[in-house]
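Visitor: no letters, just coordinates:
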């Protein structure tokens with residue numbers, strides 16, 4: 001078990017017990033930063049569905065109304081006009097064969113990968129590198145497209161991709177602790193609504209088993225979210 005520092009333990013001692021309203025959780029975390037740097041606020045959701053069933057696979061994307069506060073590094077696998085459009089849209093890395101070879105060697109110094117449908121024929125071969133890191137382009141998240149300029153712009157503006165892991169959990173960044181409370185509230189509510197919209201038609205019972213907010217170095221606070 002990881003050992004926490006004195007500051008973390010002090011925050012934990014006064015953290016709310018049980019489930020609290022979203023505004024209260026945001027207020028507590030903003031009043032009790034655990035690090036000197038501007039921490040990221042992360043939303044964690046445990047879903048009440050069987051992650052082993054393929055029909056329950058949940059994956060999507062959503063544009064946060066106030067962004068993530070992070071400068072996103074975007075890689076685009078494309079050639080020709082689509083590559084030129086990506087460069088004009090300020091993509092950080094653009095290429096096809098050269099970028100594929102670079103990633104094949106283990107390079108993953110980027111936050112979002114976008115590919116044209118034609119490029120995916122080769123990009124799929126990078127599954128072992130991109131898959132475990134959640135970086136594989138996917139049509140459902142808008143990262144497989146011929147409109148590379150729009151995809152780059154969306155990623156730079158604060159688009160967040162989310163997907164359920166093998167334990168039925170979803171985690172997504174929802175902004176920086178320095179954001180105004182109202183902006184954080186709206187970002188969190190936007191992600192919750194996006195996940196709720198992905199609820200499988202076959203799902204029964206409680207969909208959101210529990211939800212919590214935490215900061216990069218801080219404690220986790222459970223929040224009240226209804227299906």
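Guide: Arrived safely. In this text, all values refer to a predicted model and were calculated from it rather than measured experimentally.
Visitor: residue 45 against residue 174, yeah?
Guide: No - at 11.3 Å, residue 45 and residue 174 do not qualify as touching, with contact defined as Cβ atoms under 8 Å. C-beta coordinates here come from the backbone N, C-alpha and C atoms, glycine included.
Visitor: just give the nearest non-adjacent residue to the spatially most central residue of the chain, would you?
Guide: For the chain, residue 172 is the residue whose C-alpha lies nearest the centre (Cα atoms, centre = their mean; 3.8 Å). In space, and not counting its chain neighbours, residue 172 is closest to residue 162: 4.7 Å by Cβ to Cβ, 6 or more residues apart in numbering.
Visitor: backbone phi and psi for the one you found, please?
Guide: Residue 162 has phi and psi values of phi -140, psi 150 when expressed as degrees, to the nearest 10.
Visitor: so what sits opposite it in the bridge?
Guide: Under DSSP bridges, the beta-bridge partners of residue 162 are residue 60.
Visitor: look up how far residue 149 lies from it.
Guide: Shown here: residue 162 relative to residue 149, a distance of 23 Å by Cβ to Cβ, to the nearest Å.
Visitor: again with residue 20
Guide: Distance, residue 20 to residue 149, using Cβ to Cβ: 42 Å.
Visitor: just the buried positions in the top helix by length along the chain, please.
Guide: Longest helix in the chain, counting residues (DSSP state H): helix 181-197. Residues 183-188, 190-192, 194-195 are the ones in helix 181-197 that count as buried (16 or more other Cβ atoms under 10 Å).
Visitor: ok, and what's touching it?
Guide: Residues from elsewhere that reach helix 181-197 (Cβ atoms under 8 Å, 6 or more residues apart in numbering): 22-23, 26-27, 30, 41, 43, 45, 47, 58, 60-66, 160, 162, 170, 172, 174-175, 179, 207-208, 211, 213, 225, 227.
Visitor: hang on, residue 21 packs against residue 224?
Guide: Yes - between residue 21 and residue 224 there is a contact at 5.5 Å, judged by Cβ under 8 Å.
Visitor: read off the pLDDT value for residue 54.
Guide: Note on residue 54: pLDDT of 88.
Visitor: that one: neighbour count?
Guide: 6 (other Cβ atoms under 10 Å).
Visitor: likewise residue 67?
Guide: A count of nearby residues for residue 67, using other Cβ under 10 Å, gives 18.
Visitor: low-confidence ranges, the chain, go.
Guide: 1-2 (pLDDT under 70).
Visitor: mind listing the helices for it?
Guide: Using DSSP H, helices in the chain cover 6-14, 22-31, 80-88, 97-104, 120-123, 127-130, 148-157, 181-197.
Visitor: turn these into a markdown table, including distance to residue 166.
Guide: Below are those laid out as a markdown table (distance: least, Cβ to Cβ, whole Å):
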| stretch | distance to residue 166 |
| --- | --- |
| helix 6-14 | 28 |
| helix 22-31 | 26 |
| helix 80-88 | 32 |
| helix 97-104 | 24 |
| helix 120-123 | 23 |
| helix 127-130 | 16 |
| helix 148-157 | 26 |
| helix 181-197 | 17 |
